[in-house]
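Visitor: Let me see the structure of the following:
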Amino acid sequence: MDEAAARDVLLVKAIETADQARDVLSEDDRRHASRSARELAQWDATDRKQPLTPALFLHRRAAQVLARLAERKPATAAFFRPRPWGRLAAIVLPFAALLCGVMVDRIGDPHRVDLLSAPLLLMLLWNLVVYLGLLLWPVLRAARPGATRPRLPGWPALAMPFPLRRPPPWLAAALAQFGAEWLRLSAPLQAARMKRSLHLAAAMLALGAAASLYLRGILAQYQVGWESTFLDASQVYRLLSFIFEPAMALLRLPGFTLDQVRALQYPQAAPGSSGALWVHLYAATLLLLVILPRLALAALAWRRERRLAAAFPLDLGQPYFARLCAGLTPDAPACLWVRPYSYRVGDSLRGSLAEVAHGLLGEQAGLVLDASTAYGAPPAAVAPPAGALCAALFPLSATPEPENHGDFLDQLKRAGTVVALVDESGYLERLGPQGAGRAAERAELWRQFCALRQVPMAVVNLADPARRRDDIERLLAPGMNAT
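Guide: Take a look at the predicted model:
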């Protein structure tokens with residue numbers, strides 16, 4: 001999934017997650033978007049002669065949902081469109097650096113080439129420090145394995161929309177959730193994008209400085225010289241030899257002598273014909289030490305940027321995506337296999353279990369309900385249906401016991417992944433309105449029990465499945481119940 005598709009998918013995820021009451025997108029809207037997206041994604045996959053993938057389906061579904069919202073609430077459409085501020089900044093920054101490079105040597109006398117030019121020397125020194133830092137950074141990270149990557153404040157936010165009007169409350173909550181998740185997931189991509197821009201800007205700054213030396217040399221004759229309070233001619237000669245040695249060795253430019261350097265010390269008159277030599281030396285040094293290395297680093301960052309933008313690191317194993325993609329691929333769970341323990345499920349509650357299956361695995365998910373296992377008896381050795389997720393069903397009125405309920409879960413775990421569903425409907429009906437506190441205590445006891453067994457657990461209400469929708473949707477969330 002590329003960056004643009006991932007952005008739409010994450011935005012729709014944030015909208016649907018924030019709209020828990022289904023006030024903006026009803027269940028029918030969501031089911032219609034899923035059905036349409038499956039058909040469109042299947043057609044696209046057939047045209048490309050490729051298998052249908054969750055990424056393609058989710059992208060098509062996100063487009064359907066955003067189009068429906070834009071049609072129903074036109075005022076919100078401006079919030080869904082990405083703003084190209086980040087890309088514009090990546091283009092403007094190098095050109096601004098080029099302009100600064102053209103102007104950098106005009107800080108001094110425009111008719112003079114200063115051999116100890118502070119802007120040019122600082123430019124070379126700064127780039128050498130940057131190269132040293134890049135070489136030492138992997139060593140420093142290895143020495144501090146617990147150190148976190150520094151954040152890039154504000155840069156990823158440039159991809160967020162900035163309309164003038166305030167969004168409605170439901171959209172404001174969704175955009176806040178989207179912004180936080182996008183900031184976290186896009187950090188490597190934005191870092192590569194920033195590195196590419198900064199390396200390119202550094203190269204353009206040096207290029208502007210070198211070009212300015214040549215352009216002004218066409219229209220004016222440079223006066224070449226140097227002056228210093230603390231350095232004598234021999235020290236300046238050694239410094240300039242060190243700086244210009246790469247250019248003289250690699251490009252075979254003519255060198256200079258100590259006497260030549262001594263003759264250029266102000267206030268002595270400098271030979272007019274010597275300006276071209278020093279312009280060539282400075283320009284060649286900037287080319288070798290700044291422009292070419294920075295362009296190479298920018299190319300590496302651009303390559304990483306393209307790779308991350310083409311394969312955005314979006315975890316499609318999250319419960320939200322797993323429910324939407326249920327049954328889409330052969331390895332996705334398409335059926336909820338319910339194994340009740342000491343609990344008989346009547347026909348009136350069977351439909352509620354089907355809603356639980358849809359909430360957990362998606363609207364296409366099926367339901368297989370086994371006969372109840374008697375208290376104290378081991379579960380029947382029945383092979384699970386193909387593509388099924390096993391769910392142990394317990395009543396909240398029961399107190400979890402390791403030798404009974406625990407053994408039942410252990411036996412089911414041997415056959416594959418298991419989740420625990422604890423129905424509170426009968427217990428709440430028996431306790432009445434005053435029993436909510438006791439029910440909460442019993443639910444916490446079941447959570448602790450399932451956490452010790454490393455089994456994901458959710459409290460359900462088969463009399464009113466919507467009452468516990470949040471618990472169902474969080475059932476397979478990473479880290480829940482110590483899974």
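Visitor: Torsion angles phi and psi at A211?
Guide: With angles defined as degrees, to the nearest 10, A211 sits at phi -60, psi -40.
Visitor: Okay, R414 and L134: tell me how far apart.
Guide: R414 is 52 Å from L134, where distance means Cβ to Cβ, to the nearest Å. C-beta: built from backbone N, CA, C; applies to glycine.
Visitor: Compare those two and say which is more crowded by neighbours.
Guide: Remark: of R414 and L134, L134 carries more neighbours, 12 against 8, as counted by other Cβ atoms under 10 Å.
Visitor: if I pick the residue nearest to the more buried one when sequence neighbours are not counted, what's in contact with it?
Guide: Spatial nearest neighbour of L134, excluding adjacent residues (Cβ to Cβ, 6 or more residues apart in numbering): L297 at 7.7 Å. Contacts for L297 (Cβ atoms under 8 Å, 6 or more residues apart in numbering) come out as L134, K195, H199.
Visitor: The first one and L205: what is the separation?
Guide: Separation of L134 from L205 (Cβ to Cβ) stands at 18 Å.
Visitor: Parallel or antiparallel, list what pairs with the longest strand along the chain.
Guide: Longest strand of the chain, by residue count under DSSP state E: strand 388-395. Here strand 388-395 has these sheet partners by DSSP bridges: strand 335-340 (parallel), strand 418-423 (parallel).
Visitor: what sits up against it?
Guide: 333-343, 345, 353, 360-361, 368, 384, 400, 405, 408-409, 412, 415-423, 426-427, 446, 455.
Visitor: Deepest in the core, which of the strands paired with strand 388-395 is it.
Guide: Among the strands paired with strand 388-395, the stretch with the highest mean neighbour count (mean count of other Cβ atoms under 10 Å) is strand 418-423, at a mean of 25.
Visitor: so how far is whichever helix or strand comes after that one from its chain's centroid?
Guide: Counting by DSSP states H and E, the next helix or strand C-terminal to strand 418-423 is helix 425-431. Helix 425-431 sits 45 Å away from the centroid of its parent chain (Cα atoms, centre = their mean, to the nearest Å).
Visitor: Check the model's average confidence along helix 425-431 for me.
Guide: Mean pLDDT, computed over helix 425-431, is 89.
Visitor: swap in stretch 169-185?
Guide: pLDDT averaged over stretch 169-185 gives 89.
Visitor: Now do the strand or helix carrying S34: which elements does it pack against?
Guide: Assigned by DSSP H and E, S34 belongs to helix 27-48. With contacts defined as 3 or more Cβ pairs under 8 Å, 6 or more residues apart in numbering; DSSP states H and E, helix 27-48 has these neighbours: helix 54-72.
Visitor: how big is the angle separating the helix it packs on from helix 27-48?
Guide: Interaxial angle of helix 54-72 relative to helix 27-48 (axes from the mean of the first three to the mean of the last three Cα atoms, to 10 degrees): 130 degrees.
Visitor: Give the residue spans of the stretch 201-350 of the chain that score low on pLDDT.
Guide: Along the stretch 201-350 of the chain, the parts satisfying pLDDT under 70 run over 267-274, 326-327, 329-334.
Visitor: how much space between the nearest residue to A310 once chain neighbours are set aside and R60?
Guide: Closest residue to A310 in three dimensions, ignoring its sequence neighbours and counting by Cβ to Cβ, 6+ apart: D2, at 5.4 Å. Distance from D2 to R60, counting by Cβ to Cβ: 14 Å.
Visitor: Look at the two and report which has more neighbours.
Guide: R60 (24 against 13).
Visitor: so the more buried one touches Q42, yeah?
Guide: No: here R60 lies out of contact with Q42, judged by Cβ atoms under 8 Å, at a distance of 9.4 Å.
Visitor: Can you name the element that comes right after the strand or helix carrying A309?
Guide: Applying DSSP H and E as the criterion places A309 in helix 292-310. Next helix or strand after helix 292-310 toward the C-terminus (DSSP H and E): helix 319-324.
Visitor: quick one on the thing from earlier: relative to G255, which of the strands paired with strand 388-395 is closest?
Guide: Closest approach to G255 among the strands paired with strand 388-395 is made by strand 418-423 (77.5 Å; Cβ to Cβ).
Visitor: where's the closest one relative to the chain centroid, distance-wise?
Guide: Averaging C-alpha positions (Cα atoms, centre = their mean) puts strand 418-423 33 Å from its chain's average.
Visitor: same deal with stretch 409-417?
Guide: With Cα atoms, centre = their mean, you get 35 Å for stretch 409-417.
Visitor: How about stretch 29-41?
Guide: Counting by Cα atoms, centre = their mean, stretch 29-41 comes out at 26 Å from the chain centroid.
Visitor: Go through stretch 67-85 and flag the buried ones.
Guide: Using 16 or more other Cβ atoms under 10 Å as the test for burial, stretch 67-85 gives R68, L69, A70, T76, F79, F80, P82.
Visitor: The fifth one and P167, how far apart?
Guide: In this structure, F79 and P167 are 6 Å apart, going by Cβ to Cβ.
Visitor: quick one: common contacting residues for the two?
Guide: Common neighbours of F79 and P167 (Cβ under 8 Å, 6+ apart) are L175.
Visitor: List the buried residues for the helix holding A309?
Guide: Per 16+ other Cβ under 10 Å, helix 292-310 contains these buried residues: P293, R294, L295, L297, A298, A301, W302, R304, E305, L308, A309.
Visitor: returning to what we had before: list the helices and strands the next helix or strand after the longest strand of the chain packs on?
Guide: Downstream of strand 388-395, the next assigned helix or strand under DSSP H and E is helix 407-413. Here helix 407-413 touches strand 388-395, strand 418-423, going by 3+ Cβ pairs under 8 Å, 6+ apart.
Visitor: make it 10 Å
Guide: With contacts taken as 3 or more Cβ pairs under 10 Å, 6 or more residues apart in numbering; DSSP states H and E, helix 407-413 sits against strand 335-340, strand 388-395, strand 418-423.
Visitor: Run the chain-centre distance for the longest one.
Guide: Computed by Cα atoms, centre = their mean, the separation of strand 388-395 from the middle of its chain amounts to 34 Å.
Visitor: swap in stretch 448-466?
Guide: Taking mean C-alpha positions (Cα atoms, centre = their mean), stretch 448-466 and its chain are 31 Å apart.
Visitor: before we move on, what about stretch 429-448?
Guide: For stretch 429-448, the distance to the chain centre is 40 Å (Cα atoms, centre = their mean).
Visitor: Also stretch 243-253?
Guide: A distance of 44 Å separates the centroid of the chain from that of stretch 243-253, by Cα atoms, centre = their mean.
Visitor: for stretch 92-103, same thing?
Guide: How far stretch 92-103 lies from its chain's middle: 30 Å, per Cα atoms, centre = their mean.
Visitor: E227 - nearest residue in space that isn't next to it in sequence?
Guide: Counting by Cβ to Cβ, 6+ apart, Y266 is the residue found nearest to E227 once chain neighbours are left out, at 4.3 Å.
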